[in-house]
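Asks: need coordinates for the following:
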Amino acid sequence: MLTEVTDIKNVAGCVLFDAECLFCTRLATRVAPLLHRHGFELAPLQTPWAMKLLGRGRGNTWTEMLLLTPERAIYGGADALLELTKWIWWARPLLVGPLFLVRLHVSAWRLAGRGKRVWITIELFAIAGVILFAVCITRWIAPRWHAGAMLAGECLTGFFAVWTVHHGCAAHEPGRTQRGQWLNLISYSMFFHAEHHLFPAVPTAHLQELARRLDGAMPELRQRTVLPFGDFSSDIKRNGTPAI
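Replies: Just a heads-up that it's a prediction; the model follows:
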């Protein structure tokens, strides 16, 4: 933990949290090892050097966490979280998940014709109705759990359906793929993403066969996989020896 503001020059940054907030303190304790691994330190907003830097006294109330960089730049709240994701590679797709959901609907509305916009409107009202029923009308716990699970799943769409199958790929590349019968079975063939982009008209049920044919025509395609495993058992079953 930093004891002086001059120490900020020796780290990637310092996360300032409200030590008078029990939740904030517990959260800071939990994420401290992760932040330390990426070169960040933590310090309470109530430390003398932090209050002096921010020009605040002990009578002030802080409403958000802050990130202080070695250049003395200060980011607050959501801006601080976005800045942290520059060092923690997997955090950004998770953080922008809810924003992806909004952008997806905005883009769909902008590109859709009149008929499609009607369906988008109906779907949005239906979703709002289900959430309203689950939260405000019924006393059953099951609809609330269902609505919560669906919202959480929607917020993770950007991570699973976009980032996992495209990260590290150039703009001209079709995306990543995956081999392994069980992996593609439990992922509902979602990881055949390169195949899907190359031949979007092919139904999901036939993507595995398409992948098999592409292995002969474009063997380099399978070098970019979603997960770093999955080929081993398939290669043994097919050839008798694992691929090297």
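Asks: the residue nearest the centre of the chain - nearest residue in space that isn't next to it in sequence?
Replies: By CA atoms, centre = their mean, the chain has its centre lying nearest to Leu94, at 1.9 Å. Excluding the flanking residues, the one nearest Leu94 by CB to CB, 6 or more residues apart in numbering is Phe159, at 5.5 Å. (C-beta placed from N, C-alpha, C; glycine too.)
Asks: tell me the secondary structure of that neighbour, please.
Replies: Under DSSP: H, G, I helix; E, B strand; the rest coil, Phe159 falls in the helix class.
Asks: tally up the residues packed near Arg103, please.
Replies: Per other CB atoms under 10 Å, the neighbour tally for Arg103 reads 12.
Asks: what helix or strand is it on?
Replies: Applying DSSP states H and E as the criterion places Arg103 in helix 97-111.
Asks: quick check: next helix or strand after that helix?
Replies: helix 114-132.
Asks: in that next one, which residues are buried?
Replies: Ile131 (16 or more other CB atoms under 10 Å).
Asks: how far out from the middle of the chain is that helix?
Replies: Helix 114-132 sits 25 Å away from the centroid of its parent chain (CA atoms, centre = their mean, to the nearest Å).
Asks: report all helices and strands that that helix contacts.
Replies: The contact analysis (3 or more CB pairs under 8 Å, 6 or more residues apart in numbering; DSSP states H and E) places helix 114-132 against helix 97-111, helix 141-155.
Asks: quick one: residues contacting Ala28.
Replies: Residues near Ala28 by CB atoms under 8 Å, 6 or more residues apart in numbering: 15, 17, 42.
Asks: mind giving me JSON lines with those residues and columns for neighbour count, secondary structure and pLDDT?
Replies: Shown next, in JSON lines, are the contacts of Ala28 (neighbours: other CB atoms under 10 Å; DSSP: H, G, I helix; E, B strand; the rest coil; pLDDT from 0 to 100):
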{"residue": "Val15", "neighbour count": "20", "secondary structure": "strand", "pLDDT": "91"}
{"residue": "Phe17", "neighbour count": "23", "secondary structure": "strand", "pLDDT": "91"}
{"residue": "Leu42", "neighbour count": "17", "secondary structure": "strand", "pLDDT": "90"}
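Asks: adding distance to Leu214, write those residues out as TSV.
Replies: Below are the contacts of Ala28 laid out as TSV (distance: CB to CB, whole Å):
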residue	distance to Leu214
Val15	46
Phe17	50
Leu42	48
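Asks: can you verify the residue nearest to the centre of the chain is assigned to a helix?
Replies: Yes: counting by three-state DSSP, Leu94 is part of a helix.
Asks: in this protein, where is pLDDT below threshold?
Replies: 1-10, 56-63, 230-244 (pLDDT under 70).
Asks: before we move on, back to that, now the angle from the helix holding Arg103 to helix 114-132?
Replies: Using axes from the mean of the first three to the mean of the last three CA atoms, to 10 degrees, the direction of helix 97-111 lies 150 degrees away from that of helix 114-132.
Asks: now the helices for this protein?
Replies: 22-37, 48-54, 78-84, 91-95, 97-111, 114-132, 141-155, 157, 164-166, 181-186, 193-198, 207-217, 231-239 (DSSP state H).
Asks: break the chain down into its structural domains.
Replies: Following automatic domain parsing, the chain resolves into domains at 5-88, 97-159, 170-239.
Asks: any idea how far the first one is from the chain center?
Replies: What separates the centre of domain 5-88 from the centre of its chain is 22 Å, taken as CA atoms, centre = their mean.
Asks: can you check the shortest one too?
Replies: Counting by CA atoms, centre = their mean, domain 97-159 is centred 18 Å from the centre of its parent chain.
Asks: still on that earlier bit, now the helices and strands packed on helix 114-132 as a markdown table including distance to Pro174?
Replies: Listed next are the helices and strands packed on helix 114-132 as a markdown table, based on distance: least, CB to CB, whole Å:
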| stretch | distance to Pro174 |
| --- | --- |
| helix 97-111 | 20 |
| helix 141-155 | 25 |
